[in-house]
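> Dropping the sequence and predicted coords here.
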Amino acid sequence: MQYNDIKNKQVINVCNGSLIGYVVDLQFQPNSYEIEAIYVEPKKTILKRLFPCFFPCEYIKIYVREIENIQGYVILVRYDE
């Protein structure tokens, strides 16, 4: 699987069925080059979309052990907020 296959996929929490956000980046182990975590940009509110300069970028880090399934355009994770 390549990065292009994973980026911009929807990340869904299986605990409550909510959309967490979209994949924007990956974190690798420096020695083994294995994926350690994915970074997800949460859904933005209208206010954050209109005035992005007032709100810093926030990302959610989801470790690989929390990923349940990768299928189609969706990544299912078990994420406790």
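Sure thing, it's come through.
> that's a helix at Cys57, yeah?
No - according to DSSP: H, G, I helix; E, B strand; the rest coil, the state of Cys57 is coil, so it is not within a helix.
> which residues touch it?
With contacts defined as C-beta atoms under 8 Å, 6 or more residues apart in numbering, the neighbours of Cys57 are Glu41. Quick note: C-beta positions are derived from backbone N, CA and C, even for glycine.
> if I look at it, how far off is Glu41?
The gap separating Cys57 from Glu41 is 7 Å, by C-beta to C-beta, to the nearest Å.
> what comes up buried for the host helix or strand of Ile38?
According to DSSP states H and E, Ile38 maps onto strand 35-42. Buried residues in strand 35-42, counted by 16 or more other C-beta atoms under 10 Å: Ile35, Ala37, Ile38, Val40, Glu41.
> now the spatially most central residue of the chain, which residues is it bridged with?
With distances taken as C-alpha atoms, centre = their mean, Val40 lies nearest the centre of the chain, 2.6 Å away. Residues in a beta bridge with Val40, per DSSP bridges, are Val23, Ile60.
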